[in-house]
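S.K.: predicted model and sequence below, questions to follow.
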Amino acid sequence: MKKIITILLLCAALPLMFSACTKTQYNLNGNISGTVIDYDTGSPIQNALVTLSPTSKNTYTGMDGQFEYTELEAQQYTVTVQQTGYSANRKIVNVNAGETTIVSLVMKRSL
């Protein structure tokens with residue numbers, strides 16, 4: 001009877017021992033979330049082209065002037081925004097693993 005109880009306890013303990021040995025997974029990527037606004041009015045600028053260097057990824061702002069890049073390698077990036085009727089603007093940002101970097105870009109109307 002003691003052998004059966006010992007075997008049952010051992011069988012119950014084995015999965016716990018193996019689960020304790022599993023590797024912890026770390027999020028090595030980060031995100032950029034931003035808003036593009038008009039310098040004079042403070043209003044969001046929609047459909048502005050947002051380019052991320054050195055990746056050459058492009059996206060557009062939504063109706064609320066917001067954009068987002070996800071799952072980026074942790075490093076320094078240049079965010080460039082362009083829209084017809086405005087002067088282009090850029091900002092250098094650092095992306096840290098497991099974090100979201102918040103960016104605000106202000107655009108002035110071109111003459």
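M.R.: Received the coordinates, thanks.
S.K.: contact partners for residue 110?
M.R.: 85-87 (Cβ atoms under 8 Å, 6 or more residues apart in numbering). Using the backbone N, CA and C atoms, a C-beta is placed for each residue, glycine as well.
S.K.: got a pLDDT number for the residue nearest the centre of the chain?
M.R.: Centroid-nearest residue in the chain: residue 31, 1.1 Å away (criterion: Cα atoms, centre = their mean). Listed pLDDT for residue 31 reads 96.
S.K.: isn't it up against residue 100?
M.R.: Yes: Residue 31 is within contact range of residue 100, at 4.2 Å (criterion: Cβ atoms under 8 Å).
S.K.: which residue ranges of the protein form strands?
M.R.: Secondary structure of the chain (DSSP state E): strands at 29-38, 49-53, 57-60, 66-73, 76-82, 89-94, 100-107.
S.K.: in the protein, where is pLDDT below threshold?
M.R.: Segments of the chain classed as low confidence (criterion: pLDDT under 70) are 1-26.
S.K.: recalculate using a threshold of 90.
M.R.: Along the chain, segments meeting pLDDT under 90 span 1-28, 56, 111.
S.K.: got a PyMOL select line for the buried ones in the contacts of residue 110?
M.R.: Provided next is the PyMOL selection string for whichever of the contacts of residue 110 are buried by 16 or more other Cβ atoms under 10 Å:
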select buried, resi 86
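S.K.: the contacts of residue 110 into CSV, with extra columns for distance to residue 63?
M.R.: Compiled in CSV, the contacts of residue 110 are given as follows (distance: Cβ to Cβ, whole Å):
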residue, distance to residue 63
85, 17
86, 17
87, 22
